[in-house]
Every structure is written in C-alpha cells, then in structure tokens.
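Undergrad: Sequence and computational prediction follow.
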There are 2 protein chains.
Amino acid sequence: MMRKGTPKLSSLSRALAMLEAIVADAGVRSVAAVARAQGVPVATAHRQVRSLVEQGYLARHGPRCHIAGPRLLRLTGALDAEKAVTVAAAPVLHRLAAGLGCVVQLGTLDGDMVTYRIKAGSGAEALLTRVGMQLEAYCSGLGKVLLAALPEREREDYLASGPYPALTARTITDAGALRAELTRVAKRGHAIDDGEVADRLYCIAVPLSVGDRVVAALSASRTTAQAAPAADARVIAGLTAAAAEIGALARQMLASESAAVT
Amino acid sequence: MMRKGTPKLSSLSRALAMLEAIVADAGVRSVAAVARAQGVPVATAHRQVRSLVEQGYLARHGPRCHIAGPRLLRLTGALDAEKAVTVAAAPVLHRLAAGLGCVVQLGTLDGDMVTYRIKAGSGAEALLTRVGMQLEAYCSGLGKVLLAALPEREREDYLASGPYPALTARTITDAGALRAELTRVAKRGHAIDDGEVADRLYCIAVPLSVGDRVVAALSASRTTAQAAPAADARVIAGLTAAAAEIGALARQMLASESAAVT
DNA sequence: GCTATTTTCTCGCATGATGAGAAAAGGGAC
DNA sequence: GTCCCTTTTCTCATCATGCGAGAAAATAGC
C-alpha cells in the first residue's frame, strides 16, 4: 500500500482541531473567544461545536462553557469518578476563583498523599503548589478534608503511620491532635489551614462528593494578610456550592455512561 | 439560545462513528471488515481511516490493524504507560491467541491484586476470569510474574502480608515457598501455574516491560489435559515476542507524547 | 508462482460545509 | 425595569469537497 495522493477530509481536521481547542481550554473561554484565537470564523466554530455537542463529544455546561463530553471520555478509556470530576471541575473552579478573587484548587487523595490536580485564579503561580504535585495530607486543608472523609479503618491506619514533620510552627504533629482535628472537620464540613503548611498561608477546604462518596476536595487560598475571618462564610458558601455543582455534573456524566448511543 | 434548525456536519458524524467502530474493535478486524459490518462503503471507510491516521487519532499497527492513536489518547487526559499498553496489546494478543490456539490474557498489579484487563482467544468465556476482575496475586501465573518484578522492598511487604488461602491442593500457601518461587520466576523470566488457581488449569506467564519498567504481564492458559510440556517452549517464545512488540509499541506511543502537532 | 483480500486511486456529481451578515437570546451593569 | 455588549443561532448563495462505484495497485496467504 502507501501510494500518496488522497483527499484529506479537511472538514474533519478542522472540526477535530476545534474539539481539541475547546477541550484544552476546559470551559474557561467562550466558543467565540476560542474561535477568534484560532482564526476560525465564529459561525463555523459554533456549527462545529454544536455538532460535537449533539454527538456527545462535547458537553455544554451552562452558558459559554463547554467541556469534554461523555462519549469522548468513554472513547479513550474507562470513565471513572475521578476523571469525570476533573473534567467537570475546571470551568466551575475558574468562575469561583474569579468570584472570590483568590486561588482555588482541587486535590485528591492517592495513598497518603494529596495530589493537586487543578489550580485556578490569578496569582496561581505565586502559590507553592503545582498541578500534579503531591504533598503530605496531614498539614493542608485539602488533606484534612480528605482524611476526615476516609472510612474509620483507613483513617486510623493513616493516623498510625506518622510521624508528621512540622512544616511551620503551627503544623499539627501529634496523631491525637490530628484525630481530634479530623473529627472537628468532619462535623463542620470544612477544614481550615491557618499557616500549617506554610507561614502566611490561610486556606479553607471542603469535600466534593459524587453520589455519596467523597472523591476530591476543593480549597480557596489567600495569604493571612488578605484573610478576613468575616469573609470565611462567603468563601465556604462558594466552595460548597461549587462542590455540589461539580459533583452533580460528574454524576450525570457517569450516568450517561450507560445511555444509548445515537 | 436554542433555536432549532442547524445543518449537522454529517461527514463529521460518519467519521466519528467510524473512529469509534475501529477503536472498539481494538485492531482485530480489517478496516474493510469493519466497514462492511457498519454498512459503510469500503472506499469511504478507508478514506476516513486514512484521514484519522494522518491526524493521529488512529495509529496503524501492521497490516489490517488500527488502534487508538496518541492524539486521541492524549485528548482526554494524561497518557500513562498502563493505558498505552492496554491499547497496544489488544490486537497483538488476538493474533497470538489465534496462533497458539489458547486463551491469552493481560493483567496488571494494583495493590495486592491482579487486574485482568484483556482476554483474547476462543473459549475465553469458559475461563473463570472476566475482564475487569481482580484476583489475589500469589496464586496465578500473571500474579507471580508481577510480584517477581517488584522492587525487593515492596515484594517483601507483600510476602509479609499473608495469609495465602489455598484455592487448590497445589496453591503455594507458605511465604517462604512463595519467595523461593518468585526468585525462580525472576531468574527464568516466566512463571508457570500448574493448577494453583484452579484444578486442571495450566498457564504460562511472562512480564511486559515498557522501557525498563514491568507494567503488566501476559499469560497463555490451557487445561492440563491440553498442556503438552514439549509445547511450553513455543508458548514462551510467542508470549515473549508479543510482550516485546507491545512494549515497543507502547513506548513509541508515549514518546509521541511530546511530538509536534500538525 | 497463484488467488483472495485489502488498500489506494480516478472522476463526475450532488451533497453539504462554508462564511458573512443579520437576527435572536442572554448577561451584566445601573 | 432599560441599555449595551457578547454570545449564539439562523439564512442563504456559492462552490469546495466528501461521496461512491469500479478499476488498479499492493499485500497476504498459500
């Protein structure tokens, strides 16, 4: 085989390029904005996106927000709760970060470590975390929320696995104190890290459930200087609402797993 | 928004349907065969596949064999060694199973359990394993190969984590004996399970490396009645060649990770 | 060597994708 | 509520381009 001159289904290439651009953008910009950035006529871009949505390759999540669709996710491999959450979370987190004016992050618990998976908001580079980075769970807001949501058996295993090196003067280094803190976190529904992982860093975290299982956590970070305890309630409300929205969306994606294909 | 009557980019739908059909088929049938099954003209199907290959959404792996391409895998999330192996392995396993006339499986080690990920060959339904199923590692050929490839530290952790319930009269139930067996396996480069997981089941397994890391294992199973010790050499050679081919292909997919996009 | 199959190519035709611009639908500020 | 701006959808004429059948070339299998 291998001769050489075949027509190239150019409309397919263009549509796939659009698909990639939208997926890469993770729902942050509008279709029109992405189209302009790509130098594609807006009308054409919309037609492509619309078709991709109808096909289930993209999903529309609110106005001017498109994310990878269930059919696309299913195409490349098993669609698990964690992946669905990551895909669903990006746009919500960006909006929340813009609204709160601080950095918002999403993390999951992998073994004993918290993996930072998404980071949104201006000044995101200033924070010590990087996407993909893993940190010990016992000292961060995200970690405390995730540990608190663990089944008792696994939580006790973790508590028995110390020691807990101090990163700052306020880091919790005692298993008993950590157990008490986790109980408090579970009861309150959110965790506060006031300079435990780094001096001058204040952050609030809440759990994110899909169905009844906590699969990730969200946090909002600011410097202690910016932190106004009075604003905590607003931050917690924002985080909680975002977590609920993401959880519902992820659940819906997973449900469409078994949906009939056109 | 949401009015109603927009043209549908029908060529896109058709091409995507073809893409899904090919990916679902995992490289087992020829493009022409898939096309006939779908009721699509062969010439059209080839044009679509050819374009998708050029775009990197499909990859051609030998004659009449297409699998998911790197650009597609990269589209939804990180492309890791395990996923690359799973994608690359399917067609090779089907060919090998046909050649050896027995059931060939691929498994990975997740924690203490072996996950069965691919199963190929006629009579595949008769075997007790199912795709996605997890079994204890200490008693199967796949498990022994994977345990033998573990770093010493983790292997010892596993050995200390007994007990090892007997599934048949021949199951290895003693940590010391298992350690000795794993050493033998590591030295020989393959494992033999002669009725350890189920009576009358004989299977040979070899490791599958991507680069220098063992990420999975392959096994060929037959009943002890069918097993001819003299044929072991041929089976081992086949498994080894297949493992090498899959490893090389997966490596190549991972390498194209950083390749420039058209 | 041969035959059966897969893959590529040629080419006219009508499908259908395209892009500009206008109209509709929101969104946000006030 | 009103106004303004952006995003999204629609209309339509034009023509690129995807389509399919059949022939030719390249392989696979023997």
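TA: Received it, and whenever you're ready, just let me know what you need.
Undergrad: Show me the strands in the stretch 1-150 of chain A, by range?
TA: All strands of the stretch 1-150 of chain A, identified by DSSP state E, counting those that start in this stretch, fall at A:58-60, A:66-68, A:103-110, A:113-120, A:134-136.
Undergrad: Nearest to residue A:176 among the ones you listed would be which one?
TA: Closest approach to residue A:176 among the strands of the stretch 1-150 of chain A (Cβ to Cβ): strand A:134-136, 17.8 Å. (Each C-beta comes from the backbone N, C-alpha and C, glycine too.)
Undergrad: for that closest one, what is the average pLDDT?
TA: Across strand A:134-136, pLDDT averages out at 92.
Undergrad: What of stretch A:31-41?
TA: Stretch A:31-41 comes out at a mean pLDDT of 94.
Undergrad: Show me what counts as buried in it.
TA: A:31, A:34-35, A:40 (16 or more other Cβ atoms under 10 Å in any protein chain shown).
Undergrad: And for stretch A:178-191?
TA: Across stretch A:178-191, burial judged by 16+ other Cβ under 10 Å covers A:178-179, A:181-182, A:185-186, A:190-191.
Undergrad: so of the residues you listed, which ones are in helices?
TA: Judged by DSSP state H, these include A:178-179, A:181-182, A:185-186 as members of helices.
Undergrad: and residue A:80, how many neighbours?
TA: For residue A:80, the neighbour count with other Cβ atoms under 10 Å in any protein chain shown is 14.
Undergrad: tell me the phi and psi of it?
TA: phi -100, psi 170 (degrees, to the nearest 10).
Undergrad: that older thread, which two in the buried residues of stretch A:178-191 are spaced the farthest apart?
TA: A:179 and A:190 (17.8 Å).
Undergrad: any low-confidence regions in the stretch 101-250 of chain A?
TA: Flagging of the stretch 101-250 of chain A using pLDDT under 70 yields the residue ranges A:124-125, A:227.
Undergrad: same thing but at 50, please
TA: By pLDDT under 50, the stretch 101-250 of chain A has no low-scoring segment.
Undergrad: what does the stretch 51-200 of chain A have sitting close to chain B?
TA: Residues of the stretch 51-200 of chain A lying near chain B by Cβ under 8 Å from any Cβ of the partner chain: A:51-52, A:54-55, A:57, A:63, A:68, A:71-73, A:75-77, A:83, A:86-87.
Undergrad: Longest helix in chain A, by number of residues?
TA: Max-length helix for chain A by DSSP H is helix A:232-255.
Undergrad: Run through who's touching that one.
TA: A:59, A:61, A:70, A:73, A:79, A:81, A:84-85, A:87-89, A:92-93, A:95-96, A:99-100, A:102, A:104, A:189-190, A:192, A:204-211, A:215, A:218-220 (Cβ atoms under 8 Å, 6 or more residues apart in numbering or on different chains).
Undergrad: which among those end up buried?
TA: Using 16+ other Cβ under 10 Å, the buried ones in the contacts of helix A:232-255 are A:59, A:61, A:70, A:73, A:79, A:81, A:84-85, A:87-89, A:92-93, A:95-96, A:100, A:102, A:104, A:190, A:192, A:204-210, A:215, A:218-220.
Undergrad: Please convert the buried residues of stretch A:178-191 to CSV, extending it with distance to DNA strand D.
TA: Formatted as CSV, the buried residues of stretch A:178-191 follow (distance: Cβ to the nearest atom of the strand, whole Å):
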residue, distance to DNA strand D
A:178, 46
A:179, 48
A:181, 43
A:182, 42
A:185, 38
A:186, 39
A:190, 33
A:191, 35
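Undergrad: Which of the buried residues of stretch A:31-41 sits closest to chain B?
TA: residue A:31 (10.9 Å; Cβ to the nearest Cβ).
Undergrad: Is that closest one in contact with residue A:21, as I believe?
TA: No - contact between residue A:31 and residue A:21 fails when scored by Cβ atoms under 8 Å: they sit 9.5 Å apart.
Undergrad: Tell me how many other residues crowd residue A:20.
TA: Residue A:20, neighbours per other Cβ under 10 Å, totals 16.
Undergrad: An error on my part: the question was meant for residue A:152.
TA: 7.
Undergrad: Distance-wise, check it relative to residue B:162.
TA: Remark: distance between residue A:152 and residue B:162 (Cβ to Cβ, to the nearest Å) = 24 Å.
Undergrad: coming back round to it: now check the longest helix of chain A, is it near DNA strand C?
TA: No - where contact is defined by Cβ under 7 Å from any atom of the strand, no part of helix A:232-255 touches DNA strand C; the two come within 14.8 Å at best.
Undergrad: what are the ranges of the helices in chain A?
TA: So, for chain A - with DSSP H - the helices run A:10-25, A:31-38, A:42-55, A:70-76, A:81-100, A:141-148, A:152-159, A:175-188, A:232-255.
Undergrad: I would like the residues contacting the fourth one, please.
TA: It refers to helix A:70-76. For helix A:70-76, using Cβ under 8 Å, 6+ apart, the contacting residues are A:19, A:23, A:55-59, A:79, A:83-84, A:87, A:253, A:256-257, A:259, A:261, B:19-20, B:23, B:68, B:72-73, B:75-77, B:83.
Undergrad: What's the PyMOL line that selects buried ones from those residues?
TA: Here is the PyMOL command that picks out the buried ones among the contacts of helix A:70-76, judged by 16+ other Cβ under 10 Å:
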select buried, (chain A and resi 19+23+55+56+57+58+59+79+83+84+87+253+256) or (chain B and resi 19+20+23+68+72+73+75+76+77+83)
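Undergrad: Apart from its neighbours in sequence, what residue is nearest residue A:113?
TA: residue A:134 (4.0 Å; Cβ to Cβ, 6 or more residues apart in numbering or on different chains).
Undergrad: Please give me every residue in contact with that neighbour.
TA: Neighbours of residue A:134 in contact, by Cβ under 8 Å, 6+ apart: A:110, A:113-116.
Undergrad: What residues are bridge-paired with it?
TA: Note on residue A:134: beta-bridge partners residue A:115, judged by DSSP bridges.
Undergrad: Quick check: it vs residue B:222, distance?
TA: With Cβ to Cβ as the criterion, residue A:134 and residue B:222 are 43 Å apart.
Undergrad: repeat for residue A:10
TA: Shown here: residue A:10 relative to residue B:222, a distance of 51 Å by Cβ to Cβ.
Undergrad: tally of neighbours for residue A:30?
TA: Neighbours around residue A:30, by other Cβ under 10 Å: 15.
Undergrad: now do residue A:136
TA: Counted with other Cβ under 10 Å, residue A:136 comes out at 15.
Undergrad: just checking, it touches residue A:110?
TA: No - counting by Cβ under 8 Å, residue A:136 sits too far from residue A:110 to count as a contact (11.9 Å).
Undergrad: Quick check: pLDDT value at the residue lying closest to residue A:22 once chain neighbours are set aside.
TA: Distances taken as Cβ to Cβ, 6+ apart place residue A:66 nearest to residue A:22, at 5.2 Å, with adjacent residues excluded. At residue A:66, the model reports a pLDDT of 93.
Undergrad: Sounds good, over and out.
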